[in-house]
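Visitor: Attaching a predicted model along with its sequence, questions to come.
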Amino acid sequence: MEIVAFLLLVTMTLLFLFLRPVTELERVRAKGELVVATRIGNTTYQPWGNGTSGFEYDLASAFAEHLGVELRILVPDRFEAILPLVSAGRADMAAAGITITRPRLSQVRFGPRYMQVTEQLIYRSGGHRPESLADLDGRRILVVAGSSHAATLAQLQPLYPGLQWEAVVDATPEDLLRQVWEGEAELTVVDSMELAATLRFFPELRVALELSEPRPLAWAFKRNADSTLLKEAEVFFEQIREDGRLEQILERYFGHVEVLDYAGILTFMRRIQDRLGRFEPLFREAAEAHDMDWRLLAAISYQESHWDPRAISHTGVRGLMMLTRATAGQLGIQDRTDPRKSVFGGAEYFTHLRERLPDDIQEPDRTWMALAAYNVGLGHFYDARRITRAQGGDPDRWVDVMDHLPLLSQPQWHRQTRYGYARGWEPVHYVQNIRSFYDILTWLNGSHETPDEAPPPPPPRRGIAPLEILPPGL
């Protein structure tokens, strides 16, 4: 009798396991991939010649790694097709800088909120700035079709009957910002995050009006599915908030976007026109010889000398790469004002610094830390890493070391270090400026040709499936 009861129990258990519905989380893990719908843009997803980048992409990649599966990206031909992909089950989720709005809540369910944005009306400096919503009567406003911006304008129209806009299909926020900057359009509406990430490229753009209160961004999940995948996303975000990875990814994409002021960006753009062409072949040759991106080498040189081979500082460093006498001597360089010797010497010195950093430091943090060492010296940089560790930070993350570098100028800290006082705030500005210059050069050169090298990649992920571009007519 006991044997019969045992067999019956086993049978019932197996029936339960085989007959119960498979959860969303189990389904994703069983197929071995997470399918994510997104859009191409500065803040979402950017496929490069030999790599990928993007804030949303990095988050989705980390979530796929958390689940133990590969990531597959779907990019529909228009923004308004993203949520229907999720609703139809063709994508497991959407990660595309999507704000939570009431109409969207009827289509999908939203996961954890990870950032807030406001909707901003943008115009170009020198044009007629709208002073109020009433001042928009008859003005042409471009918005991305299917975006929350179009819905916001539709809600405002009963109060302002003269309000008109054009919903552009197959456009990105960057496309519309570029049209306003080039004078092809008068006004557009974008999220504050999009403007912040793009302003370095279009410095004359200005915010005319805020059209909304701050709204949260979140991932979108299928509405009529169980909540297991969404719940796991909540666990994931709680983990990356606690271990600092979310802060690190935010800093990677937005930590340096507001460092340069308007005048600095315009000066840089002018120098690209009147100076870069003379030295670009040299930057390319030296970068190839030392296995680095020529645009990064050019950005370092601009920060150092503004591409002036005769530049000299009050401390005696000189040339395109502003080499010290001691560094030049180590590299066998006698004439620091010789452009070729200076650029090749600077590339060799930077590569040497990057190679000497501990193996645990991953890209892109490794590049940012090598830049800091190029500016402040490797000894002072190691002092900052020790302070970071003593303060409970991670000495292998740029976002943590960056916060502690300024302490090298404070007596209570530099007295405890091996190499003593340093202007610790200087390498922070130095690195952040170079990152902005590098972004601009990458954008300008990447717009018309395949980049020689993608921007410094994030830490290695599990296998990433190729980009899948969906055909029109979704």
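Guide: Cool, got the structure.
Visitor: hey, let's count contacts and neighbours off CA atoms from now on
Guide: Will do.
Visitor: Verify the stated contact: Glu70 with Glu33.
Guide: Yes: the pair Glu70 and Glu33 passes the contact test of CA atoms under 8 Å, sitting 4.5 Å apart.
Visitor: so what sits against both of those two?
Guide: Here Glu70 and Glu33 have Ala64 as joint contacts, going by CA atoms under 8 Å, 6 or more residues apart in numbering.
Visitor: Thr188 touches Ile141, doesn't it?
Guide: Yes: shown here, Thr188 and Ile141 form a contact pair, counting by CA under 8 Å, at 5.1 Å.
Visitor: Let me see the mean pLDDT of stretch 123-140.
Guide: With pLDDT averaged residue by residue, stretch 123-140 scores 89.
Visitor: ugh, wrong one, stretch 396-408
Guide: 93.
Visitor: Off-centre distance for that stretch?
Guide: The gap between where stretch 396-408 is centred and where its chain is centred comes out at 20 Å by CA atoms, centre = their mean, to the nearest Å.
Visitor: What of stretch 148-157?
Guide: The chain centroid and the centroid of stretch 148-157 are separated by 28 Å, computed with CA atoms, centre = their mean.
Visitor: Now it: buried residues?
Guide: With burial defined by 16 or more other CA atoms under 10 Å, the residues of stretch 148-157 counted as buried are 148-150, 153.
Visitor: what element comes up after the strand ranked longest in the chain heading to the C-terminus?
Guide: The strand of greatest length in the chain, counted in residues with DSSP state E as the criterion, is given as strand 108-117. Beyond strand 108-117 in the direction of the C-terminus, DSSP states H and E gives the next helix or strand as strand 119-124.
Visitor: Listing partners with orientation, what would you give for that next one?
Guide: Taking DSSP bridges as the criterion, strand 119-124 forms sheet pairs with strand 187-191 (antiparallel), strand 205-210 (antiparallel).
Visitor: Quick one: residues in contact with it.
Guide: 129, 149, 177, 180-181, 183, 186-192, 204-214.
Visitor: same thing but at 6 Å, please
Guide: Counting by CA atoms under 6 Å, 6 or more residues apart in numbering, strand 119-124 makes contact with 181, 187-191, 204-212, all of which sit outside it.
Visitor: cool, and stretch 210-219?
Guide: Counting by CA under 6 Å, 6+ apart, stretch 210-219 makes contact with 94-95, 97-99, 110-113, 115-120, all of which sit outside it.
Visitor: Can you give the distance from it to the centre of its chain?
Guide: Using CA atoms, centre = their mean, we find the averaged C-alpha position of stretch 210-219 to lie 19 Å away from the chain's own average C-alpha position.
Visitor: could I get it in PDB with only the CA atoms?
Guide: This file holds the C-alpha atoms of stretch 210-219, laid out as PDB (Å, rounded to 0.1, in the frame of the first residue of the first chain):
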ATOM      1  CA  GLU A 210       9.400  72.600 -20.400                       C
ATOM      2  CA  LEU A 211       6.300  70.900 -21.600                       C
ATOM      3  CA  SER A 212       5.900  68.300 -18.800                       C
ATOM      4  CA  GLU A 213       6.700  67.500 -15.200                       C
ATOM      5  CA  PRO A 214       9.500  65.000 -14.700                       C
ATOM      6  CA  ARG A 215       8.400  61.600 -16.000                       C
ATOM      7  CA  PRO A 216      10.100  58.200 -15.200                       C
ATOM      8  CA  LEU A 217      11.700  55.900 -17.800                       C
ATOM      9  CA  ALA A 218      11.100  52.200 -17.500                       C
ATOM     10  CA  TRP A 219      11.300  48.900 -19.500                       C
END
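Visitor: That stretch: which residues count as buried?
Guide: In stretch 210-219, the ones that count as buried by 16+ other CA under 10 Å are 210-211, 215-219.
Visitor: could you dump those residues to a markdown table with distance to Asp135, secondary structure and pLDDT?
Guide: Formatted as a markdown table, these follow (distance: CA to CA, whole Å; DSSP: H, G, I helix; E, B strand; the rest coil; pLDDT from 0 to 100):
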| residue | distance to Asp135 | secondary structure | pLDDT |
| --- | --- | --- | --- |
| Glu210 | 14 | strand | 92 |
| Leu211 | 13 | coil | 91 |
| Arg215 | 25 | strand | 90 |
| Pro216 | 28 | strand | 92 |
| Leu217 | 29 | strand | 93 |
| Ala218 | 33 | strand | 95 |
| Trp219 | 35 | strand | 96 |
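Visitor: Including distance to Gly244, could those residues go into TSV?
Guide: Putting those into TSV (distance: CA to CA, whole Å) gives the following:
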residue	distance to Gly244
Glu210	31
Leu211	32
Arg215	23
Pro216	20
Leu217	19
Ala218	19
Trp219	20
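Visitor: Okay, the residue nearest to Asp170 when sequence neighbours are not counted and Ala37: tell me how far apart.
Guide: If the residues on either side of it in the chain are set aside, Asp170 comes closest to Arg78, at 4.7 Å by CA to CA, 6 or more residues apart in numbering. Shown here: Arg78 relative to Ala37, a distance of 11 Å by CA to CA, to the nearest Å.
Visitor: ranges for the helices of the stretch 251-400 of the chain?
Guide: Counting by DSSP state H, counting those that start in this stretch, one finds helices in the stretch 251-400 of the chain at the ranges 262-271, 277-289, 294-305, 325-330, 339-356, 365-376, 378-390, 398-404.
Visitor: now those as CSV including mean neighbour count and distance to Asp243?
Guide: Listed next are the helices of the stretch 251-400 of the chain as CSV, based on neighbours: other CA atoms under 10 Å; distance: least, CA to CA, whole Å:
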stretch, mean neighbour count, distance to Asp243
helix 262-271, 15, 35
helix 277-289, 16, 35
helix 294-305, 23, 30
helix 325-330, 14, 38
helix 339-356, 20, 25
helix 365-376, 23, 16
helix 378-390, 20, 15
helix 398-404, 22, 12
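Visitor: related to what we said a few turns ago, more neighbours: Arg78 and Ala37, which one.
Guide: Residue environment comparison for Arg78 versus Ala37 gives the larger neighbour count to Ala37, 27 against 20, counting by other CA atoms under 10 Å.
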